[in-house]
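Enquirer: have a look; sequence and predicted model below, questions after that.
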Amino acid sequence: MIELKVKRINGEAKMPEYAHAGDAGLDLFSVDDLMILPGESKLIKTGIQIELPKGTEAQIRPRSGLALKNQITVLNTPGTIDEGYRGEIGIILINHGKQEFHVEKGMKIAQMVVKPVFTVTIKEIEELTDTTRGEGGFGSTGVR
């Protein structure tokens, strides 16, 4: 178990929490009360800042229930929060639906998964090793 340090910067902020034992994502909650019109995106504040453990990142992901029921998703998914970032956590939500969507204070708006990150060194080479896939791109596996 690793420790995630969280600072509330808004008195109405809720701490991130796991809904169930064994869940990968921590629920994140809105401190904003606003409307997102169809086709519109908005930055939703959470009222928290975090200090990630060394060698990790936080990935911000959509909530499947919001996507299915309201066509609301995280615009830059997964969003990445780097280890050194100390600002407020904000979630960019987009409304892909036909109805306006009301974000309420205290509403679950996204989930956050803390993952390890590898730091790599860059080595320029002349040729890559061959594979059976090779340079086959989108659709190259034959799946329709």
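Expert: Here it is on my side, so go on.
Enquirer: which SSE is the residue nearest the centre of the chain in?
Expert: By C-alpha atoms, centre = their mean, the chain has its centre lying nearest to Ile60, at 1.1 Å. Using DSSP states H and E, Ile60 falls within strand 56-61.
Enquirer: of all the residues in that strand, which ones are buried?
Expert: 57-61 (16 or more other C-beta atoms under 10 Å). Yep, even glycine has a C-beta here, placed from its N, CA and C like the rest.
Enquirer: would you mind giving these as TSV with pLDDT and distance to Pro116 added?
Expert: Putting those into TSV (pLDDT from 0 to 100; distance: C-beta to C-beta, whole Å) gives the following:
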residue	pLDDT	distance to Pro116
Glu57	98	8
Ala58	98	11
Gln59	98	11
Ile60	98	17
Arg61	97	16
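Enquirer: now do the same end-to-end measure for stretch 31-41.
Expert: Its start and end residues considered, stretch 31-41 measures 17 Å (C-alpha to C-alpha, to the nearest Å).
Enquirer: equivalent analysis for stretch 83-93, please.
Expert: The first residue of stretch 83-93 is 22 Å away from its last residue (C-alpha to C-alpha).
Enquirer: what sits up against that stretch?
Expert: With C-beta atoms under 8 Å, 6 or more residues apart in numbering as the test, stretch 83-93 has contacts from 9, 28, 30, 36, 41-57, 60, 72-76, 79, 81, 103, 109-110, 112, 117.
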